[in-house]
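Chemist: Sequence and predicted structure, then a few things I'm wondering about:
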Amino acid sequence: MSEPTLGMIWVAGVPVACAATLATISAVGQRSPERYSASGLTICLVLFLVGAMLRTTYAFVTPDYYAPDEQSHVNFVRYLAREWTLPVQKNLTGSPGNDWEYYQPPLYYTIVAAIKAALASSHQTPNDVLIGRLVSILFWATSTAVTARTLLHIKAPEWQRLFVVGLHALLPSYITLSSSVNNDNLAILLFSCYILSEIAGPGSKMKTLRSSALIGCIFWTKLTAVVAVFFFLAVRISRIERRDWRPTLLDVALGAAVAAAIWSPLVARNLMVYGSVTAEDIANVPRTWATTAEGFLATMKYISVSFWATAGVYNNIKGNFYFLGSVLTALSTIGWIKYWRHKTKERTAPFFASESFPFYSALGVNFLLVIRFGLKYDQGQGRFLFPMLTAVGLFLSGGIAHLCKARRPKQSTLWLAMLGFILWATSFVFYAMSKAPRQ
């Protein structure tokens, strides 16, 4: 493919970004059925401010490239801002040129490169890494605000909503990720906007157009967009009435057409340049395990640790901070086991018709994709689950609720839990910063 054509595909990212912005504004404009209490709003604000302060501190204090693949992400931004065309992936992960992110969809890099170019035109000479980190923090802030609004459309006690907001604000691994240059941060924001679009208000053609446009935009950011496709299908399956599939099939066909039309320029480019739709084999080094069981166990361990509390260039900064998350996961799982044992004795509506079905089915697909990536490339990182972080929060808080027999916690308990969460996150961030080399 010629250089001008590659440049045109990059420029096409501008209308894609505009489409994502308009779809997000439309979704956020949907009226929510509930509001947070005064105490709940205060807790949300405290969580948000602490999360913002920890991220900003981390971004300014840690040295450049103090995150997995951060230098490769920055190099992508620099190439775009310098050449005004898309780079071509030639080397495998770990190559000396730090160019192994060049095969990635370009929307995140386009936005950061545009900001870099705008600052350069005003005769500023800012640090490229710091620009990318601050943009990522902005994406996190927007995503968390959208998530807080999304939760008002979900039938759940307020304490569970606050738990999910707390996870978005203070999950240690997410703090370090969203303080680094990484395209995951835009993908997570778009996922948050997409989920709000799907669950806010009744079904309509406008909602389908808005949601499918966001799916197409996610494909311009990260290939984990396939998880959004399953969420899209699950929402429509859960809302089928009288076993009439025809309206659902038409809705799915419309959504698929819109998402595919937006994604198609990148598909065409990958096929022409790499001979592959995803191009993931171009950069990633396959891993050969002695047995599948060995690969599975190693991947599960890596997912668990890197989801809760890791930092550093190779996710090598962890300490024992992930232990709290592991305990929380175990308690929640016990609660869900107790719930389902009791549930099987009752006559209830099928699970696929519940409000939870889209969240948990998409989370299951997301988890399987991370397992696949771990088995194939030994890269099953917990951050790849962050697009469905809201579903993770609902699962964990739901299990705790079942374990406690759905008793409503006191306000003092909520404040103590929040303070504990803040202490956990703050301790890990300062621990990670203490391990960083001096600039």
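Modeler: Cool, the structure landed.
Chemist: Next, Ile317: phi, psi?
Modeler: Torsion angles at Ile317 (phi, psi; degrees, to the nearest 10) stand at phi -100, psi 110.
Chemist: Isn't it up against Ala432?
Modeler: Yes: in this structure Ile317 lies within contact range of Ala432 using CB atoms under 8 Å: 4.9 Å. C-betas here are computed from N, CA, C, even on glycine.
Chemist: what residues are shared contacts of the two?
Modeler: Both Ile317 and Ala432 are contacted by Ala311, under the criterion CB atoms under 8 Å, 6 or more residues apart in numbering.
Chemist: Comparing these two, which residue is more hemmed in?
Modeler: Remark: of Ile317 and Ala432, Ala432 carries more neighbours, 25 against 20, as counted by other CB atoms under 10 Å.
Chemist: mind checking how far the more buried one is from Phe321?
Modeler: 9 Å (CB to CB, to the nearest Å).
Chemist: again, but for Tyr194
Modeler: Taken as CB to CB, the span from Tyr194 to Phe321 is 30 Å.
Chemist: again with Val252
Modeler: Val252 is 42 Å from Phe321, by CB to CB.
Chemist: Looking at the two, which one has more neighbours?
Modeler: Neighbour count, other CB under 10 Å: between Val252 and Phe321, Phe321 has more, with 22 against 18.
Chemist: That one contacts Pro172, doesn't it?
Modeler: Yes: using CB under 8 Å, Phe321 is in contact with Pro172, at 6.0 Å.
Chemist: what touches both of those two?
Modeler: Counting by CB under 8 Å, 6+ apart, the residues touching both Phe321 and Pro172 are Trp308, Ala309, Trp424, Phe428.
Chemist: in which helix or strand would I find the last one?
Modeler: This means Phe428. Using DSSP states H and E, Phe428 falls within helix 411-435.
Chemist: Show residues contacting that helix.
Modeler: With CB under 8 Å, 6+ apart, helix 411-435 has contacts from 39, 43, 46-47, 50-51, 54, 57-58, 61-62, 159, 162, 166, 170-172, 175-176, 309, 311-312, 317, 319, 321, 324, 409.
Chemist: From what I see, Gly166 and Leu47 are in contact.
Modeler: Yes: Gly166 is within contact range of Leu47, at 5.3 Å (criterion: CB under 8 Å).
Chemist: mind listing what the spatially closest residue to Leu375 that is not a sequence neighbour touches?
Modeler: Nearest in space to Leu375, with sequence neighbours left out and distances taken as CB to CB, 6 or more residues apart in numbering, is Gly295 at 4.7 Å. The neighbours of Gly295, taking CB under 8 Å, 6+ apart as the test, are Arg287, Trp289, Gly374, Leu375, Asp378.
Chemist: quick one: buried residues of the strand or helix carrying Gly295?
Modeler: For Gly295, the host element (DSSP H and E) is helix 292-308. Judged by neighbour count (16 or more other CB atoms under 10 Å), helix 292-308 contains these buried residues: Gly295, Ala298, Thr299, Tyr302, Ile303, Val305, Ser306, Phe307, Trp308.
Chemist: Same list (the residues you listed) but as a markdown table, adding distance to Ser211 and pLDDT.
Modeler: Converted to a markdown table, the buried residues of helix 292-308 look like this (distance: CB to CB, whole Å; pLDDT from 0 to 100):
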| residue | distance to Ser211 | pLDDT |
| --- | --- | --- |
| Gly295 | 35 | 93 |
| Ala298 | 36 | 93 |
| Thr299 | 31 | 94 |
| Tyr302 | 32 | 93 |
| Ile303 | 28 | 93 |
| Val305 | 34 | 91 |
| Ser306 | 30 | 93 |
| Phe307 | 27 | 95 |
| Trp308 | 30 | 96 |
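Chemist: Save the residues you listed as TSV, and put in distance to Ala113 too.
Modeler: Listed next are the buried residues of helix 292-308 as TSV, based on distance: CB to CB, whole Å:
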residue	distance to Ala113
Gly295	37
Ala298	36
Thr299	34
Tyr302	32
Ile303	32
Val305	33
Ser306	28
Phe307	30
Trp308	32
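Chemist: which intervals of the chain have sub-threshold pLDDT?
Modeler: For the chain, the stretches flagged by pLDDT under 70 are 1-14, 17, 27-30, 122-126, 241-244, 344-353, 406, 439.
Chemist: Grab the most central residue of it for me.
Modeler: Note on the chain: the residue nearest the mean C-alpha position is Pro387, at 2.5 Å, using CA atoms, centre = their mean.
Chemist: wouldn't that residue be in contact with Tyr194 here?
Modeler: No: counting by CB under 8 Å, Pro387 does not reach Tyr194; the two are 9.1 Å apart.
Chemist: what do those two both touch?
Modeler: With CB under 8 Å, 6+ apart, Pro387 and Tyr194 have common neighbours Ala228.
Chemist: Ignoring the adjacent residues along the chain, who's closest to the residue nearest to the centre of the chain?
Modeler: For Pro387, the spatially nearest residue (CB to CB, 6+ apart) is Phe191, at 4.1 Å.
Chemist: Tell me the helix or strand right after the helix or strand where that neighbour lies.
Modeler: Phe191 belongs to helix 184-199 when assigned by DSSP H and E. Counting by DSSP H and E, the next helix or strand C-terminal to helix 184-199 is helix 205-219.
Chemist: what comes up buried for that next one?
Modeler: Those would be 207-219, for helix 205-219 by 16+ other CB under 10 Å.
Chemist: Reformat these as JSON lines; add distance to Val267.
Modeler: Putting these into JSON lines (distance: CB to CB, whole Å) gives the following:
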{"residue": "Lys207", "distance to Val267": "25"}
{"residue": "Thr208", "distance to Val267": "21"}
{"residue": "Leu209", "distance to Val267": "20"}
{"residue": "Arg210", "distance to Val267": "22"}
{"residue": "Ser211", "distance to Val267": "20"}
{"residue": "Ser212", "distance to Val267": "16"}
{"residue": "Ala213", "distance to Val267": "17"}
{"residue": "Leu214", "distance to Val267": "18"}
{"residue": "Ile215", "distance to Val267": "14"}
{"residue": "Gly216", "distance to Val267": "11"}
{"residue": "Cys217", "distance to Val267": "14"}
{"residue": "Ile218", "distance to Val267": "14"}
{"residue": "Phe219", "distance to Val267": "9"}
